[in-house]
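**Student:** Quick one, fold the following:
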Amino acid sequence: MLKNPSNLSFRGAAGDEESRKSFVSRARFLASLGMAAITKVFQYPARGLHLWIIGAAIMGCLLLALGSAARFLLRTELPSRSLRSMGGLATVTVGAGYSERVDPLTAQVRGIFERVEQELSTYRSDSAISLLAEKAGVDPVAFSEDAWRVLKLALRFDELSDGASDVTVAPLVKLWGFGRTPASASLPSEEAIREQLKFVDYRRVILKDRTAFLPVKGMAVDLGGIAKGYAVDRAFDFCRSVGVENFLIDLSGNIRVSGRPQWGKKWQIGVRNPFDRSSIIGKIAMRSGLALATSGSYERFVEVMGQRYSHIINPRTGFPVTGTAGVTVLCGDATTADGLSTSLFVVGLKGCSKLLQKAPPADVLIVPDKYPIEIWLTRGFAEVFVPIPDLSNAVRILTPTSL
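**Tutor:** This next block holds a predicted model:
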């Protein structure tokens, strides 16, 4: 569904702070003139009619100015900055009154993302995760506070999902060509998949005194299913800690919002059509504090002999997941949304109700990989989701007895 924030447009309060201040100054001047004229009516009753006319005219000009300003504010893009981080595109968008802070805020957010990536990326040879694989079967590896927290959270989701997500899936990810190793021109053999499955079992990860140990040489960890969500939460907490109330953080489709884009409005997020990247299936109105994450088969894939294979591997079978086109999770923090979206993508429509009963509170939207398109969602998701008109009849309510 939604993974490329560059296709989003968050519209709302004015991004031009100087224009806003100028308008406020003029409006105050007009209001003071109008009120002064009306006040004179009571001081000089004989001249009251003339003063009433003058006051009404000034107040009328003020109302016209307010109307024009409102239209200007609604059509002005919010202050927003984009950057590349953690292998994807990130966007920092702020609401009214924060345009002068968007650049320093983005710089701080970039730093947060870079620190998380430095610890957790499998693409960096000096990360704790890469060192953990290097020391597999030999020595435990000490983790920083951030890396330790993320690893423990990821293992928690692995346990909740009964292994539908598994941090030790890295050998299979590499085998299928989704890691640093380029994809092969042919499919992995069943024998090769069985061989790598021997190294996949989250229950074998040993944690002690903020160190992690992989007991078998060849095991490796991939925290890609949760790291971006965690980074978004860290950035969210920072922005609020420095007094910014209205903002949106988006890291490769892992989104969390605070406040409002403008008075009386909510952040509007488009959910991409997993069968057509150029269109959306609907929009979500997000209230302050909520987070959103999406896993989709269209995001990353390998193509072998004309057939596409999703980057999300089923750790139980060793093969890319089939049957699910996209999953979007809405909940109170980005880490949970990110972790659950991967697990739910693997278990699919049939297994989602059971998983949601055990997981932290969350709402979900699932699109099965079939035609005609169906949009399955929980009741809580249905309250904030508006499908495009062409797909209004495709919506189904997801309940424990609906499958």
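
**Student:** which residue ranges form the helices in this protein?
**Tutor:** With DSSP state H applied, the chain shows helices at 17-43, 48-75, 102-120, 128-134, 145-160, 170-175, 190-197, 227-241, 334-358, 379-382, listed in chain order.

**Student:** these two touch, right, residue 346 and residue 165?
**Tutor:** Yes. If you go by Cβ atoms under 8 Å, residue 346 and residue 165 touch, sitting 6.5 Å apart. Yep, even glycine has a C-beta here, placed from its N, CA and C like the rest.

**Student:** Give the residues shared as contacts by these two.
**Tutor:** Listed contacts common to residue 346 and residue 165 are residue 315; contacts here mean Cβ atoms under 8 Å, 6 or more residues apart in numbering.

**Student:** So between the two, which is more surrounded?
**Tutor:** Per other Cβ atoms under 10 Å, whichever of residue 346 and residue 165 has more neighbours is residue 165, with 30 against 25.

**Student:** quick one: which of the helices of the chain has the weakest pLDDT on average?
**Tutor:** If the helices of the chain are sorted by mean pLDDT, helix 48-75 sits at the bottom with a mean of 49.

**Student:** which residues does residue 251 contact?
**Tutor:** Residue 251 makes contact with 85, 86, 88, 90, 113, 228, 231, 232, 235, according to Cβ under 8 Å, 6+ apart.

**Student:** ok, the residues you listed vs residue 380, which is closest?
**Tutor:** Using Cβ to Cβ, residue 232 is the member of the contacts of residue 251 that sits closest to residue 380, with 20.7 Å.

**Student:** Nearest spatial neighbour of that closest one, chain-adjacent residues omitted?
**Tutor:** Across the structure, with Cβ to Cβ, 6 or more residues apart in numbering as the measure, the residue nearest residue 232 apart from its sequence neighbours is residue 334 (3.9 Å).

**Student:** Just list the residues touching that neighbour, thanks.
**Tutor:** Per Cβ under 8 Å, 6+ apart, neighbours of residue 334: 228, 229, 230, 232, 233, 236, 254, 255, 256, 291, 292, 293.

**Student:** shouldn't the fourth one be in contact with residue 249?
**Tutor:** The reference is to residue 232. Yes. The pair residue 232 / residue 249 is scored as a contact, 5.2 Å apart, by Cβ under 8 Å.

**Student:** which one of those two has more residues nearby?
**Tutor:** Neighbours around residue 232 and residue 249, counted as other Cβ under 10 Å, are more numerous at residue 232. The numbers are 31 against 28.

**Student:** Return the distance of that one relative to residue 92.
**Tutor:** Taking Cβ to Cβ, to the nearest Å as the criterion, residue 232 is separated from residue 92 by 11 Å.

**Student:** for residue 156, same thing?
**Tutor:** Relative to residue 92, residue 156 is positioned 29 Å away (Cβ to Cβ).

**Student:** Of the two, give the one with the bigger neighbour count.
**Tutor:** Neighbours of residue 156 and residue 92, each counted by other Cβ under 10 Å, are more numerous for residue 92; the result is 25 against 16.

**Student:** who's the more buried one bridged to?
**Tutor:** The residues paired with residue 92 through beta bridges, assigned by DSSP bridges, are residue 81, residue 249.

**Student:** need the contact list for it.
**Tutor:** If a contact means Cβ under 8 Å, 6+ apart, then residue 92 has 80, 81, 83, 102, 105, 106, 109, 235, 247, 248, 249, 250 as its contacts.

**Student:** Please name the nearest non-neighbouring residue to the fourth one.
**Tutor:** Put plainly, it is residue 102. Closest residue in space to residue 102, ignoring its immediate chain neighbours: residue 79 at 4.3 Å, by Cβ to Cβ, 6+ apart.
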